[in-house]
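> Just the structure for this:
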Amino acid sequence: MSANKVEIRPSRAVRHLSSAMAAVGLVCFALFVLTLSSGVYPGLSAEWTAAALGIKPWTSAEYPLWRLCAALWRQLPFGSAAWRLNLSSAVYGALAAVLLCRYVARWVYAQIRTDGKGNAQRESLVAVASGVVAALLFGTGLTGWSAATRFHPGMFSLVLVLLAFSLHQDYLHRHDVSRLYALAFLCGIGAVET
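Next up is the predicted model:
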């Protein structure tokens with residue numbers, strides 16, 4: 001690294017990111033649960049719910065990990081089985097919002113904080129605000145909201161993608177080879193999953 005360039009580590013420099021991520025996760029989860037489908041939602045979600053409940057066979061071998069998680073959600077001892085399956089999408093949706101908030105905030109910070117001479121607190125605030133806005137737009141947008149309020153593999157797949165992005169981002173900032181191994185493992189799971 002040259003003497004003129006200052007190394008920026010967004011994971012340490014972005015202040016209050018953990019609090020923002022927690023707030024985004026709670027707000028999105030509350031939104032998803034309050035608007036959650038209370039039973040089987042018509043359409044493709046109904047087919048997946050019927051297959052997850054064992055009423056009909058799965059029509060393809062897609063999403064084996066999501067199907068395994070659905071079997072675990074089905075075993076929980078509260079609510080109806082269909083509601084629990086819908087709840088799983090709400091949990092995955094909130095987790096996706098948290099990961100998106102983290103990724104965007106750290107990316108924005110890395111883009112605007114290059115020389116070490118600016119106002120670090122203001123840059124950190126801009127980065128966190130960017131992550132929060134991106135996550136809330138995702139959570140309140142029709143596509144994100146609808147996939148998170150009924151039994152659907154979309155949110156689970158998105159969590160895998162955002163985990164991969166986060167691992168890559170972590171590697172770029174820390175140069176820790178274990179992040180690349182984890183990323184390769186996750187890419188292998190993702191290839192089998194979808």
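
> Show me which helix runs longest in the protein.
Looking only at the chain and at elements set by DSSP state H, the helix with the highest residue count is helix 81-112.

> what about the next helix-or-strand element following it, distance to the chain center?
Following the chain from helix 81-112 toward its C-terminal end, the next helix or strand by DSSP states H and E is helix 120-140. Mean C-alpha position of helix 120-140 versus that of the full chain (Cα atoms, centre = their mean, to the nearest Å) differs by 15 Å.

> List the buried residues for helix 120-140?
Burial within helix 120-140, assessed by neighbour count using 16 or more other Cβ atoms under 10 Å, is assigned to 123-124, 126-128, 130-132, 134-136, 138-139. Yep, even glycine has a C-beta here, placed from its N, CA and C like the rest.

> ok and the strand or helix carrying Leu167 relative to helix 120-140, angle-wise?
Assigned by DSSP H and E, Leu167 falls within helix 154-174. Computed by axes from the mean of the first three to the mean of the last three Cα atoms, to 10 degrees, the angle separating helix 154-174 from helix 120-140 equals 160 degrees.

> Other residues contacting helix 154-174?
9-11, 63, 65-66, 69, 88-89, 92-93, 95-96, 99-100, 102-103, 106-107, 110, 144, 147-148, 176-177, 179-180, 182-183, 186-187, 189-190, 193-194 (Cβ atoms under 8 Å, 6 or more residues apart in numbering).

> Next: stretch 126-141.
With contacts defined as Cβ under 8 Å, 6+ apart, stretch 126-141 is touched by 10, 14-17, 20-21, 23-24, 27-28, 31-32, 93-94, 96-98, 100-106, 108-109, 112-113, 144-145, 148.

> pLDDT averaged over that stretch, what's the number?
The average pLDDT for stretch 126-141 rounds to 90.

> With adjacent residues omitted, what lies nearest to Leu186?
Computed as Cβ to Cβ, 6 or more residues apart in numbering, the closest residue to Leu186 that is not its neighbour in sequence is Ala164, at 5.1 Å.

> Now do that neighbour against Ala184, distance only.
Counting by Cβ to Cβ, to the nearest Å, the gap from Ala164 to Ala184 is 10 Å.

> neighbour-wise, which of those two wins?
Per other Cβ atoms under 10 Å, whichever of Ala164 and Ala184 has more neighbours is Ala164, with 19 against 12.

> From Ala50, how far off is the residue nearest the centre of the chain?
To find the centre residue of the chain, average its C-alpha atoms and take the closest one (Cα atoms, centre = their mean): that gives Ala96, at 1.6 Å. Between Ala96 and Ala50 the distance is 25 Å, computed by Cβ to Cβ.

> Likewise for Ala134?
Ala134 sits 35 Å away from Ala50 when distances are taken as Cβ to Cβ.

> still on that earlier bit, same list, the buried residues of helix 120-140, but as CSV with distance to Gln75 please.
Shown next, in CSV, are the buried residues of helix 120-140 (distance: Cβ to Cβ, whole Å):
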residue, distance to Gln75
Glu123, 46
Ser124, 43
Val126, 44
Ala127, 40
Val128, 38
Ser130, 39
Gly131, 34
Val132, 35
Ala134, 34
Ala135, 30
Leu136, 32
Phe138, 29
Gly139, 27
